[in-house]
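Q: Using only what follows, build the 3D model:
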Amino acid sequence: MARYGEDPTAQADIYVSAPCAVVWALVSDITLPARFSTELTGAWWIDGAAGPCVGARFIGQSHHDAVGDWQTTCTVVSCEEPQAFAWVVGDPALASARWGFELAAEDGGTRVRQWAILGPGPSGLTPVIEAMPDKEERIVARRLAEHETNMQRCLEGIKALAESRSR
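A: Next up, the predicted model:
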């Protein structure tokens, strides 16, 4: 089990029977995960950004039954078509989380990995951990499990869309 300050990471991957270019169009669409996630409810570009590029910013709208609704400002930190798309949540110098997708050609299709690293900056977990420091590892493990469940749902949705577009 990991503690918050130890870069705890959630990840999931899936094989998609579609070329990287088809999958790239889906993983770089910031609005797409909201179709499959139980937490992310929407996302939109801000500051005049029209699409993914390093430095572009967007708002993520989320909901969790234990917390309610909230928004975060995210900044794209990697946009390497068609292999990597990543962003940080909050202050880029001290992000509350880092998220991304990695794509690799495999057996005529694409291996897609989604990951998230909590911290190092404060997040919604910070006050919970401060209130129950003896339970930090369990709190972090539960949050990672929630992220992995949503990542798997997102990847399965991406797979279905990409494969239907590649027929």
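Q: rest of the way, CA atoms for contacts and neighbours
A: OK.
Q: can you give me the helices in the protein?
A: 20-27, 125-131, 136-165 (DSSP state H).
Q: So which of these is nearest residue 104?
A: Across the helices of the chain, residue 104 has its closest neighbour in helix 20-27 (7.0 Å, C-alpha to C-alpha).
Q: got the buried residues for the closest one?
A: Buried positions in helix 20-27, judged by neighbour count with 16 or more other C-alpha atoms under 10 Å: 20, 22-24, 26-27.
Q: Ok, stretch 84-97 next?
A: Neighbour-count burial for stretch 84-97 flags 84-90, 92, 95-97 (criterion: 16+ other C-alpha under 10 Å).
Q: for stretch 1-21, same thing?
A: Those buried within stretch 1-21 under the rule 16+ other C-alpha under 10 Å are 3-4, 8-20.
Q: What is the nearest of those residues to residue 111?
A: Closest to residue 111, out of all of the buried residues of stretch 1-21 and judged by C-alpha to C-alpha, is residue 15, at 4.6 Å.
Q: List the contacts of the closest residue to that closest one other than its chain neighbours.
A: Spatial nearest neighbour of residue 15, excluding adjacent residues (C-alpha to C-alpha, 6 or more residues apart in numbering): residue 111 at 4.6 Å. Going by C-alpha atoms under 8 Å, 6 or more residues apart in numbering, residue 111 touches 13-16, 103-105.
Q: what about residue 111, distance to residue 56?
A: As judged by C-alpha to C-alpha, to the nearest Å, residue 111 and residue 56 stand 26 Å apart.
Q: can you check residue 40 too?
A: In terms of C-alpha to C-alpha, residue 40 sits 19 Å off from residue 56.
Q: which residues sit against the helix or strand of the chain with the lowest mean pLDDT?
A: Ranked by mean pLDDT, DSSP states H and E, the weakest helix or strand in the chain is helix 125-131, scoring a mean of 92. Helix 125-131 has contacts (C-alpha under 8 Å, 6+ apart) with 135-136, 139-140.
Q: which of those residues are buried?
A: Those of the contacts of helix 125-131 that meet the buried threshold are 136, 139-140, by 16+ other C-alpha under 10 Å.
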